[in-house]
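Asks: give me a model of this one.
(2 chains)
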Protein chains: 2
Amino acid sequence: MQFTKIITAHIDEIKTAIGAENVFIDEESLNSYSHDETEDLKYYPEIVVKPADAASVSALLKICNTHHIPVTPRGGGTGLSGAALPIYGGVLLSMERFKAILDIDVENLQATVEPGVITEEFMNAVAEKGLLYPVDPSSKGSCFIGGNVAHCSGGPRVVKYGTIREYILNLEVVLPTGEIIWTGANTLKYASGYNLTQLMIGSEGTLGVVTKIVTKLIPKSSHSVLMLASFKENEQACAAVSAIFRAGITPSALEFMERKGVEWVIQFDDIKFDLKDDVNAFLMIEFDGDDLDDIFKNCEKANIVLEQFECTEVLFADSAQQKEDLWRMRRTMAESVKSNSVYKEEDTVVPRAALPQLINGIKEIGSRYGFESVCYGHAGDGNLHVNIIKAGMSDEDWKNKLKDGIVEIFTLTAALGGTISGEHGIGLVQKEFMPIKYSELNLNLMRGIKSVFDPSGILNPGKIF
Amino acid sequence: MQFTKIITAHIDEIKTAIGAENVFIDEESLNSYSHDETEDLKYYPEIVVKPADAASVSALLKICNTHHIPVTPRGGGTGLSGAALPIYGGVLLSMERFKAILDIDVENLQATVEPGVITEEFMNAVAEKGLLYPVDPSSKGSCFIGGNVAHCSGGPRVVKYGTIREYILNLEVVLPTGEIIWTGANTLKYASGYNLTQLMIGSEGTLGVVTKIVTKLIPKSSHSVLMLASFKENEQACAAVSAIFRAGITPSALEFMERKGVEWVIQFDDIKFDLKDDVNAFLMIEFDGDDLDDIFKNCEKANIVLEQFECTEVLFADSAQQKEDLWRMRRTMAESVKSNSVYKEEDTVVPRAALPQLINGIKEIGSRYGFESVCYGHAGDGNLHVNIIKAGMSDEDWKNKLKDGIVEIFTLTAALGGTISGEHGIGLVQKEFMPIKYSELNLNLMRGIKSVFDPSGILNPGKIF
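Replies: Just a heads-up that it's a prediction; the model follows:
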């Protein structure tokens, strides 16, 4: 793709339109917006802008559309697929000043927020009113809700409460041509033409820039209990997952962790945890509700299922501290792995009963290619994050052969009815693998939709397809 | 729009491609596929085809695309927006032979079905395995699951279990140009590019013809209790709705019915019901779960809320017969109204705390225009079906003035944050009202998407926009 390089006249035009104080061209700014959490990739923008309202975003996009300057929107910069990397330079549009929680409407159980609100801050604000916004990715302490919308982000509670698709009711969006629309209505149901709200969710900032978000909220449960079940083998832990649901119980979280992930968290963090020699895999199983007796009944039912899968031990965490320690172990796993080794993260998702085949397949592929892997994730959704570890692999093999291994992992994922990303998105680093699962017809439909929203192709170019 | 009239050569070509036994041109066929459940509209197709597999649909669409012949897909013919009416003649594509439940996968809690399966038959088939497919529109005994996907159909259980969007995981679709794609993956989460599955849901057969549907299933609760609460005034009943959710309880159904609707059901059907003089509105409130004690606890909590809204009486139905009688009352309401009067149905939906304003506004508008109305619907979702009754309105006013009244109703709906259809769709009869809620920009995006999927515009032309 060919774009216009930014010159002083463009910068002046942008400064005039959105205020000079919102435009940055210093080296530090360009550097700090050149990367996100995706591996070690770095792409420098030509300028960084930080507008604070939709009108400024609109003015900016009109200028860039006229001059054919690429614009890359960015949320909290916690993305794992490189969707926020300005690979063609141009304008980096940081949404960090869209920080307002505009309304928490307890009558309707809805909220209106700006996209730069940190997910956990939003969750805390609604929790103060006894309400729950249940979409809490591991990065909730630093990611933005706008980035969550862009990537169809998940987290552990999806398994009970549904994906972000159930919680996003309506979006204010600035189109790449600068017009501003609301995508839908502030309603729980919508059958009024093509659902543009749903189309925006997961579109990774390629169709428009979200400037306001209307969410659904639900009542917050007053109690939860977290179980940590230990297993001798990955396969048994993974097989227990679908059995739990077949027993008629729905946990509010059901997470899988491999031993090596726990080992590395213990090294990385100051978490105390007695890791037994014969344990190779864990399930974290949470039940929530308003009645502790009911919760314990569900725990008992889960226990009966676990016994059938060579579960060696079940710990119960019911104090706030115990629960927080276990959740911290799970949440810091990605960071721990990253701190230990060069790695590459894949975000496989399959129908949940296929998890044992998936994890066995990943290990077998790894043994052929010479890489190790640490797997963990939202097993209740069939979603396994595969951290591929360089370990003993030579630099040359890592550079040249690893890709074939990843192709094999995704080919297996697709063959099991799954897809190549459950909640991290495609962005830059997964797009070469899209044809493993999706036909050229599918990709052409996506490209066509992109052209409808962004005829000049200026918004987040080079992502997804 | 200009289309090619079908001539004998086209019919022969279609017969050769998909089998002469699947092509009908007799008067009776043309007549019986000329209408659906939308008012008294009639549009005759030139031919009716009833293929039974995706390859035949593909062959048909290729022929029609080449010759520029319009194709109108049709499910069970229960639609209320006229989306299945062949307004430009051409081919009526009945999906009635796509009747197979291909797989009920109890390991993964998923099923694969063809679009011509009657919704209730599918629900019964999964219930036999202890599972629930909770999307049950009032027409569940005759509508097709494919039509439900096309219209983003709802029903009473959406309020607890989520919309059909949460249950449709993947679709096999024949594009208007004849190519066949799968839209996504058989997974609970998907972040792999634009979500074509979600885009198909609610697209009313304008983007492609669905030929296979992969659904999510959930465990079926073993118990339910249904309460019928009586109120002196509509407004009080409607105001109680949002208060119930604010009390932290989530019913598995929460339906509103106006007195007149119940009166007409009693006349139409043989239901025995003691309708008290001072009662003008009802809420049907259902709780389900696996533990009857829990259910009764929720009923008690609901009762406490109801007392604050001048609720005059609460009946409890816990026998299967009592529950079925009450549900039949609710389900036959549309038919009862239709049998009593010329009517027009609107499908308003607003944030649920706005229901009192909505119903008061509808009555006030009616009094100015001289029409009566019977309102009922899925109040828990903020979704009110407004049956506008001709009553004393003159034929001339019904023909010429009613539209202004409907414009006022939808203008109010939009002003309250709502939209003009929650679950019936836009189809033919609501499209003129779309600009009340959606800007020309929104409609142009929809038209653009339509062109990407259907460059020749042959599939269900003249619907939505």
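Asks: once you drop chain neighbours, what's closest to A:C311?
Replies: Of all residues beyond its chain neighbours, the one nearest A:C311 is A:A229 (5.0 Å), with distances taken as Cβ to Cβ, 6 or more residues apart in numbering or on different chains. For glycine as for every other residue, the C-beta is placed from the backbone atoms N, C-alpha and C.
Asks: please confirm that the one you found is located within a strand.
Replies: Yes. If the criterion is DSSP: H, G, I helix; E, B strand; the rest coil, then A:A229 is within a strand.
Asks: that one contacts A:L283, doesn't it?
Replies: Yes. Judged on Cβ atoms under 8 Å, A:A229 makes contact with A:L283 at a distance of 4.6 Å.
Asks: secondary structure element for the residue nearest to A:T119 when sequence neighbours are not counted?
Replies: Distances taken as Cβ to Cβ, 6+ apart place A:K140 nearest to A:T119, at 4.4 Å, with adjacent residues excluded. A:K140 is located outside every helix and strand, with elements delineated by DSSP states H and E.
Asks: list the helices and strands the helix or strand encompassing A:L92 packs on?
Replies: Here A:L92, judged by DSSP H and E, is contained in strand A:91-94. Using 3 or more Cβ pairs under 8 Å, 6 or more residues apart in numbering or on different chains; DSSP states H and E as the contact test, the elements touching strand A:91-94 are strand A:47-49, helix A:54-67, strand A:71-74.
Asks: of the ones you listed, which is nearest chain B?
Replies: Chain B sits nearest to helix A:54-67 of all the helices and strands packed on strand A:91-94, at 12.2 Å, using Cβ to the nearest Cβ.
Asks: who are the contact partners of the residue nearest to A:C311?
Replies: Remark: with contacts taken as Cβ atoms under 8 Å, 6 or more residues apart in numbering or on different chains, A:A229 is in contact with A:237, A:240, A:282-285, A:306, A:311, A:313-314.
Asks: wait, does the next helix-or-strand element following the strand holding A:L92 contact chain B?
Replies: Going down the chain from strand A:91-94, the next helix or strand is strand A:101-105, by DSSP H and E. Yes. Against chain B, strand A:101-105 shows contacts by Cβ under 8 Å from any Cβ of the partner chain at A:D105.
Asks: elements contacting strand A:101-105?
Replies: So strand A:101-105, by 3+ Cβ pairs under 8 Å, 6+ apart, packs with strand A:110-113, helix A:119-127.
Asks: contact residues of the stretch 51-200 of chain A facing chain B?
Replies: With Cβ under 8 Å from any Cβ as the criterion, the stretch 51-200 of chain A comes near chain B at residues A:105-110, A:130, A:151-154, A:158-159, A:162-163, A:165-166, A:175, A:179, A:181-196, A:198-199.
Asks: of those, grab the buried ones for ChimeraX.
Replies: The following ChimeraX line selects those of those that are buried, judged by 16 or more other Cβ atoms under 10 Å in any protein chain shown:
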select /A:105,106,108,109,110,151,152,153,154,158,159,162,163,165,166,175,179,181,182,183,184,185,186,187,188,189,190,191,192,193,194,195,196,198,199
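Asks: can you flag which of the residues of the stretch 51-200 of chain A next to chain B belong to strands?
Replies: Mapping those onto strands (DSSP state E) picks out A:105, A:110, A:181-182.
Asks: give the pairing partners of the helix or strand containing A:V314; include direction for each.
Replies: Counting by DSSP H and E, the secondary-structure element that holds A:V314 is strand A:311-317. The strands that strand A:311-317 pairs with in its sheet are strand A:223-231 (antiparallel) (by DSSP bridges).
Asks: now the partner strand: buried residues?
Replies: Neighbour-count burial for strand A:223-231 flags A:224-231 (criterion: 16+ other Cβ under 10 Å).
Asks: now do it: distance to the chain's middle.
Replies: Its chain's average C-alpha position is 24 Å from that of strand A:223-231, according to Cα atoms, centre = their mean, to the nearest Å.
Asks: after that strand, which helix or strand is next?
Replies: Following strand A:223-231 in sequence order, the next helix or strand is helix A:234-246 (DSSP H and E).
Asks: let's see the helix or strand just after that following helix as CSV, backbone CA atoms only.
Replies: Of the helices and strands lying after helix A:234-246 in sequence (DSSP H and E), the nearest is strand A:253-258. Output in CSV follows, covering the C-alpha atoms of strand A:253-258 (Å, rounded to 0.1, in the frame of the first residue of the first chain):
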residue,chain,number,x,y,z
ALA,A,253,-14.7,-19.3,35.4
LEU,A,254,-12.9,-22.4,34.3
GLU,A,255,-9.2,-21.9,33.6
PHE,A,256,-6.5,-24.3,32.6
MET,A,257,-2.8,-23.9,33.6
GLU,A,258,0.2,-26.1,32.7
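Asks: how about the helices in the stretch 301-450 of chain A?
Replies: In the stretch 301-450 of chain A, the segments counted as helices under DSSP state H, counting those that start in this stretch are A:320-331, A:333-340, A:355-369, A:395-400, A:402-415, A:434-437, A:440-453.
Asks: name the SS class of A:I87, please.
Replies: Note that with three-state DSSP, the state of A:I87 is coil.
Asks: from B:E166, how far out is it?
Replies: Here A:I87 is placed at a distance of 34 Å from B:E166 (Cβ to Cβ, to the nearest Å).
Asks: what's the domain layout of chain A?
Replies: Residue ranges for each domain of chain A read A:8-97, A:101-219, A:223-334, A:341-441, as given by automatic domain parsing.
Asks: tell me the buried residues in the strand holding A:V314?
Replies: By neighbour count, with 16+ other Cβ under 10 Å as the criterion, the buried positions of strand A:311-317 are A:311, A:314, A:317.
Asks: so A:M227 makes contact with A:C299?
Replies: Yes. At 6.0 Å, A:M227 and A:C299 qualify as touching, with contact defined as Cβ under 8 Å.
Asks: who touches both of A:A229 and A:L283?
Replies: With the criterion set as Cβ under 8 Å, 6+ apart, the overlap between the contacts of A:A229 and A:L283 is A:237, A:240, A:306.
Asks: and which of the contacts of A:A229 is nearest to chain B?
Replies: A:A240 (12.6 Å).
Asks: what number of residues lie near the closest one?
Replies: Neighbours of A:A240 under the rule other Cβ atoms under 10 Å in any protein chain shown: 27.
Asks: tell me how far it lies from A:L412.
Replies: A:A240 sits 21 Å away from A:L412, going by Cβ to Cβ.
Asks: out of the ones in strands among the residues of the stretch 51-200 of chain A next to chain B, who's nearest B:Q267?
Replies: When those are compared for distance to B:Q267, the smallest value, 39.2 Å, is given by A:Q110; criterion: Cβ to Cβ.
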